[in-house]
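A.B. asks: I need the structure of the sequence given here:
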Amino acid sequence: MTPSGFRVVVTGASSGIGAATAIAFAAKGARLVIGARGTDALEDVARRCREAGGEAAVETVDCTDADAVAAFAAAARDRLGGIDLWFSCEGIGVLGRFVEVPAADHARVVAVNLVAHMHDARAVLPIFLAQERGIWVNMISAGGYVATPWAAAYAASKFGLRGFSQALRGELSKQPHIHVCDVYPTFVDTPGVDHAGNYTGARLSLPPGALAPETVATAVVRLATRPRHTTAVGAPALAFKLGQAAPNLLAAVMSGFLDVWASRAPATGDTPGTLFEAGRPAGPDGGRRDPDRGRKAAVAAGGVAALGLVGLGVWLRRR
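C.D. replies: Next comes the predicted model:
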């Protein structure tokens, strides 16, 4: 079976990787239901799906609400006649020293990045079990392997997601046609930089060599026909695992870098970003990449430099 005709659900589809993946599936002929908090942003993505040659039905849903996700899943199943692949891509972040970020912001990051994905899985797995097949794709990030100071709640949520997927695979080990697939990209140029909460006092940006969201979308679409447990995008999965050899030392080095950076960076005010409200239509791309610069930087930096900041999701540009 090819992605053409696939019945696909994407949550967190209103921007970034979720939007890019919805558009990529639409271009392959899949039938989609896309969900997120913001109706206007979803309608914008649905329009892009139509322009790509496909169709996407829009359903507004807050995935931190278990009952709302269950109703969303049932509506998607009924509309599509079943669900072949569900891509959980909702995600947010907040940057700042742990004790300086409001507790409510930490809780919101964990609710969206971890608990909402659990709600998604709990809603779709009964559908897969009834069908005796299905693919759940869990967007994690390289931050599921490498912890990041100044993003403690983000790190907690992503490490938690990795453990959650492993537990589900154990429970589903006797279901050979039901797959749990994790995706671990490095830095990706999405509107998430603008959406992040920021308590660093500094302007957020991206490092050289950030991936296009379409690169990650291509990897997710590939899982529809070739599901696998772990998909790393932007660096080998082995590099992520090697980063755990001395995790405390790596975290200390990263924290020291951020301390120095914060004393030199251009100042900006604190903001919760879009943690508690939907963002405006923004599409897949963050528009910050310099492709030539990125290629040169990727060659020069190597795996070790990447591991130094993997999982942060954004990088604070020094003056």
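A.B. asks: next, A52: phi, psi?
C.D. replies: Dihedral angles phi and psi of A52 (degrees, to the nearest 10) take the values phi -80, psi -10.
A.B. asks: would you map the helices across the stretch 51-200 of the chain?
C.D. replies: Counting by DSSP state H, counting those that start in this stretch, one finds helices in the stretch 51-200 of the chain at the ranges 66-80, 103-110, 116-131, 152-171, 192-195.
A.B. asks: quick check: which element contains A252?
C.D. replies: Per DSSP states H and E: A252 is located in helix 247-264.
A.B. asks: just want the angle from that helix to helix 152-171.
C.D. replies: When axes from the mean of the first three to the mean of the last three Cα atoms, to 10 degrees is applied, the directions of helix 247-264 and helix 152-171 differ by 150 degrees.
A.B. asks: pLDDT of helix 247-264, averaged?
C.D. replies: In this model, helix 247-264 has a mean pLDDT of 73.
A.B. asks: okay, the helices of the stretch 51-200 of the chain in CSV with mean neighbour count next?
C.D. replies: (Each C-beta comes from the backbone N, C-alpha and C, glycine too.) Below are the helices of the stretch 51-200 of the chain laid out as CSV (neighbours: other Cβ atoms under 10 Å):
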stretch, mean neighbour count
helix 66-80, 18
helix 103-110, 17
helix 116-131, 20
helix 152-171, 18
helix 192-195, 22
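A.B. asks: so which of those is nearest R31?
C.D. replies: helix 66-80 (5.7 Å; Cβ to Cβ).
A.B. asks: centre of the chain to that closest one, how far?
C.D. replies: 21 Å (Cα atoms, centre = their mean, to the nearest Å).
A.B. asks: for that helix, give the mean pLDDT please.
C.D. replies: For helix 66-80, the mean pLDDT works out to 98.
A.B. asks: run through who's touching that helix.
C.D. replies: By Cβ atoms under 8 Å, 6 or more residues apart in numbering, the surrounding residues in contact with helix 66-80 are 7, 9, 11, 31, 33, 35, 57, 59, 61-63, 83, 86, 116, 119-120, 122-124, 127.
A.B. asks: what angle sits between it and helix 116-131?
C.D. replies: Relative orientation of helix 66-80 and helix 116-131, computed by the same axes, to 10 degrees: 40 degrees.
A.B. asks: may I have helix 66-80 as PDB, with CA atoms only?
C.D. replies: What follows is helix 66-80, C-alpha atoms only, in PDB (Å, rounded to 0.1, in the frame of the first residue of the first chain):
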ATOM      1  CA  ALA A  66      -8.600  13.700  26.800                       C
ATOM      2  CA  ASP A  67     -12.400  13.800  26.100                       C
ATOM      3  CA  ALA A  68     -11.900  16.200  23.300                       C
ATOM      4  CA  VAL A  69      -9.200  14.000  21.700                       C
ATOM      5  CA  ALA A  70     -11.400  10.900  22.000                       C
ATOM      6  CA  ALA A  71     -14.300  12.800  20.200                       C
ATOM      7  CA  PHE A  72     -11.800  14.100  17.600                       C
ATOM      8  CA  ALA A  73     -10.500  10.600  16.900                       C
ATOM      9  CA  ALA A  74     -14.100   9.200  16.600                       C
ATOM     10  CA  ALA A  75     -15.000  12.000  14.200                       C
ATOM     11  CA  ALA A  76     -11.900  11.400  12.100                       C
ATOM     12  CA  ARG A  77     -12.500   7.600  12.000                       C
ATOM     13  CA  ASP A  78     -16.100   8.100  10.900                       C
ATOM     14  CA  ARG A  79     -15.200  10.700   8.300                       C
ATOM     15  CA  LEU A  80     -12.300   8.700   6.800                       C
END
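A.B. asks: surely T64 touches A111?
C.D. replies: Yes. Shown here, T64 and A111 form a contact pair, counting by Cβ atoms under 8 Å, at 4.6 Å.
A.B. asks: of those two, who's got more company?
C.D. replies: A111 (19 against 16; other Cβ atoms under 10 Å).
A.B. asks: now stretch 232-245: buried residues?
C.D. replies: In terms of neighbour count (16 or more other Cβ atoms under 10 Å), stretch 232-245 has its buried residues at 232-235, 237, 239-240, 243.
A.B. asks: next step: the residues you listed restricted to strands.
C.D. replies: Those of the buried residues of stretch 232-245 mapping onto strands are 232-233, per DSSP state E.
A.B. asks: farthest pair within the buried residues of stretch 232-245?
C.D. replies: Using Cβ to Cβ, the two most remote members of the buried residues of stretch 232-245 are V233 and G243, lying 15.9 Å apart.
A.B. asks: how about the helices of the stretch 51-200 of the chain in a markdown table, adding distance to A219?
C.D. replies: Below are these laid out as a markdown table (distance: least, Cβ to Cβ, whole Å):
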| stretch | distance to A219 |
| --- | --- |
| helix 66-80 | 23 |
| helix 103-110 | 24 |
| helix 116-131 | 18 |
| helix 152-171 | 16 |
| helix 192-195 | 17 |
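A.B. asks: R222 is nearest to which of the ones you listed?
C.D. replies: With Cβ to Cβ as the criterion, R222 lies closest to helix 152-171 of the helices of the stretch 51-200 of the chain, at 17.8 Å.
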